[in-house]
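Novice: got a sequence here, can you build the structure:
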Amino acid sequence: MAIPKQIFQTFKTKKLPLITRYHIWNMRRKNPEYSYFFYDDHDIEQFLTEEFPPQYIESYHKLTIGAAKADFFRYAILYKKGGIYLDIDSCIIKPFRNFILESDEALISVERHKNLYVQWALIFNKEHPFLKKTLELMLDNINNHRYPNNIHATTGPTVFSKGITQSLAENPSIPFTLFGGIEFRGFLKFKYKLGKFFLYKKRSEHWKEQQLHQDIII
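Specialist: As a prediction, the model looks like this:
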């Protein structure tokens, strides 16, 4: 079964800067066959409450920083629905049809650090084993307060990469397509110019600063 033609993005509010709205418009223009869905914080809470057992929304509520909540959401939404997740400050270079095949079940790409996989963009069929394992590991991290000042390890690329490697260790035949490079061989763009500046007006609002001064799990 093909990866569903739907795109998901999230931010704390639906009030987005002009530059962000432009990149969303451009992505939708280049991919007219795709449906587009935007979730703010309220939408995410409603989705998790309706689609998952109670422990999921309970774990989500323990996270104190928006970036960690966005990590939680991306795995959950694609596990349930399948499709494409793209960070709100990232964009596309080429249409998805140019590199996503009808036979694909999952597309993953290697980070700059070779033991990590990209998760600012996720492309999966629903109920894929990599996402299931990642959700399990992430909930364990949150509920056991494993990394109180490390989003990367708790919900980010580290736990996602562990989900992949552990899944393949258990079942090497899990279907996936491997790309090279942080930008999926140049089909996608990690961080468009000035995106961070307009989305996070103060440096202190960015998650890398926040995790230094507060516990990311309550």
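Novice: so in the chain, where's the weakest helix or strand by average pLDDT?
Specialist: Sorted by mean pLDDT, DSSP states H and E, the helices and strands of the chain end with helix 207-213, the least confident at a mean of 64.
Novice: find the nearest non-adjacent residue to Leu139, please.
Specialist: Spatial nearest neighbour of Leu139, excluding adjacent residues (CB to CB, 6 or more residues apart in numbering): Ser59 at 5.1 Å. Every C-beta, even on glycine, is put in place using the N, C-alpha and C of the backbone.
Novice: so that neighbour: helix, strand or coil?
Specialist: Classification of Ser59 using DSSP: H, G, I helix; E, B strand; the rest coil returns helix.
Novice: correct me if wrong: it contacts Asn141.
Specialist: No - if you go by CB atoms under 8 Å, Ser59 and Asn141 don't touch, sitting 9.3 Å apart.
Novice: let me see the ranges of the helices in this structure.
Specialist: 18-30, 41-51, 54-61, 66-81, 129-143, 151-154, 157-170, 195-199, 207-213 (DSSP state H).
Novice: among these, which is the most enclosed?
Specialist: helix 66-81 (a mean of 22; mean count of other CB atoms under 10 Å).
Novice: that one packs against which elements?
Specialist: strand 6-10, helix 41-51, helix 54-61, strand 83-86, strand 121-124, helix 129-143, helix 151-154, helix 207-213 (3 or more CB pairs under 8 Å, 6 or more residues apart in numbering; DSSP states H and E).
Novice: quick one, which of those gets closest to Glu102.
Specialist: strand 121-124 (13.1 Å; CB to CB).
Novice: what strands line up against the closest one, and which way round?
Specialist: Strand 121-124 has the following sheet partners, assigned by DSSP bridges: strand 83-86 (antiparallel), strand 106-109 (antiparallel).
Novice: could I get the ones you listed as CSV with mean pLDDT, distance to Gln166 and mean neighbour count?
Specialist: Output for these, formatted as CSV (pLDDT from 0 to 100; distance: least, CB to CB, whole Å; neighbours: other CB atoms under 10 Å):
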stretch, mean pLDDT, distance to Gln166, mean neighbour count
strand 83-86, 99, 21, 22
strand 106-109, 98, 14, 21
